[in-house]
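**Student:** Next input, structure requested:
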Amino acid sequence: MKVKDHNFVTSKKGGVRYAPFAFTEQGVSMLSSVLRSKQAIDVNIQIMRVFVKMRSLIASNTAILEKIQKLEATEEEQNSHIHRIYEIIKELIEPHYKNRKKIGFKTKRE
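**Tutor:** I've put the predicted structure just below:
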């Protein structure tokens, strides 16, 4: 099978071997220009409304996902800041260098 597009596959002999199980929004709109009966037009309008509703749901889910990703990013950043604050407090309470040699000029008193 040859891949013509991301969503369209043809056989080596050319053409589509199987009837499609779904229409795209553009396919439904093209179908409306061919069909003339009242029932076909009503069904076509309902299908187009479903496509519009699906598009709005996808857009709203995308916005929600973006907000969640931003919250996760800020949460990770805040967690790293809080962790660093705890490290600093711990170091202030109990320094890492307990028995460190003194540096600098030494006098006879020392």
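**Student:** Quick one: the helices in this protein, in order.
**Tutor:** 25-34, 38-93 (DSSP state H).
**Student:** Point out where this structure drops to low pLDDT.
**Tutor:** Along the chain, segments meeting pLDDT under 70 span 1-23, 95-98, 110.
**Student:** spatially speaking, which residue is in the middle of it?
**Tutor:** With distances taken as C-alpha atoms, centre = their mean, Leu65 lies nearest the centre of the chain, 6.1 Å away.
**Student:** how close does that residue get to Asn99?
**Tutor:** Per C-beta to C-beta, to the nearest Å, Leu65 is found 54 Å from Asn99. Yep, even glycine has a C-beta here, placed from its N, CA and C like the rest.
**Student:** ranking the helices of the chain by burial, who's on top?
**Tutor:** Most buried of those, by mean neighbour count (mean count of other C-beta atoms under 10 Å): helix 25-34, with a mean of 12.
**Student:** coming back round to it: as CSV, the helices of the chain with distance to Gly104 would be great.
**Tutor:** Listed next are the helices of the chain as CSV, based on distance: least, C-beta to C-beta, whole Å:
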stretch, distance to Gly104
helix 25-34, 78
helix 38-93, 22
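**Student:** what about these, which gets the closest to Thr107?
**Tutor:** helix 38-93 (29.0 Å; C-beta to C-beta).
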